[in-house]
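Participant: give me the fold of what follows.
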Amino acid sequence: MRTDRLQREYGVELRWTVFPLHPETPEEGTKLSELFAGRAEQIEAMQARLRRLAAAEGVALGERTHTYNSRRAQELGKWAEVQGKGAPFRGAVYRAFFVEGRNIALVDELAGIAGEIGLFADEARTALAAGSYGAAVDADWQRAAELGVTAVPTHLCAGRRLVGFADFDDFVRLIRKG
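Facilitator: I've put the predicted structure just below:
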C-alpha cells in the first residue's frame, strides 16, 4: 500500500484515527444502490476510478454492492492494536470488506478475521461484548470531527489534507510541503 511505501521511503510515522462513515448503517448493511439512490452512474464511475488507482498501486479491490457498519471493526481494531496486531488487523479487515465484500458489522465475521491473523477469536468476541474499546473509538470520532474530517480516507500532514484514494505522488507532494 502507499502508506507502507511512504513509511519505508520517507520515514513517515502514521497515526490511525477511525471515522464514523455512515454510522447509521444497520448491521445487515445497506446496498450501495440505496445509499446513492438516483445516482447509479456515480457508483459506477467511482468504482471504475478506484479500480484503476488500486491496480496502479497493486492493491486488491473487489466489486462491492453493499456498505456495512464499521463501528465494531473499529473497536476490534483498537483491541488488535493493544495485542500488537493493529496493522495486520487493518489489512485483514480491508481485504474482508473491500476485496471479499464480507459484512464487517457481524461479531462472528470479525472474530473470524481476528483468528485469521493469529488472534484468539473468543477473546475478540469478549472484547466486543464488553465494549472495552468503545471509548477509544469515541475519542477518535471526536478527533476526526475536530479536524474537520468528512470522508475516508483522509490523510493529514502539517495542517494540510489529502482526501480519497490518491496516487503515491500526491502523498509525496503532501509530505514534502510539510
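Participant: top helix in the protein by residue count?
Facilitator: Taking DSSP state H as the criterion, the chain has its longest helix at helix 40-57.
Participant: show me where pLDDT drops low in the chain?
Facilitator: For the chain, the stretches flagged by pLDDT under 70 are 178.
Participant: can you tell me the centre-most residue of it?
Facilitator: residue 94 (6.3 Å; C-alpha atoms, centre = their mean).
Participant: give me the helices and strands touching the helix or strand encompassing that one, please.
Facilitator: In this structure, residue 94 sits in helix 86-94 according to DSSP states H and E. Contact partners of helix 86-94 among helices and strands, from 3 or more C-beta pairs under 8 Å, 6 or more residues apart in numbering; DSSP states H and E: helix 71-82, helix 107-116. For the C-beta atoms, the positions are set from N, CA and C on the backbone; glycine is no exception.
Participant: which strands and helices sit next to the longest one?
Facilitator: On a contact count with 3+ C-beta pairs under 8 Å, 6+ apart, helix 71-82 meets helix 86-94, helix 107-116, helix 121-130, helix 134-146.
Participant: that older thread, quick check: buried residues in the helix holding residue 94?
Facilitator: Neighbour counts using 16 or more other C-beta atoms under 10 Å place 88, 89, 90, 92, 93, 94 of helix 86-94 among the buried residues.
Participant: distance to residue 160 for the helices and strands packed on helix 71-82 - can I get that in TSV?
Facilitator: TSV is the format used below for the helices and strands packed on helix 71-82 (distance: least, C-beta to C-beta, whole Å):
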stretch	distance to residue 160
helix 86-94	23
helix 107-116	33
helix 121-130	35
helix 134-146	16
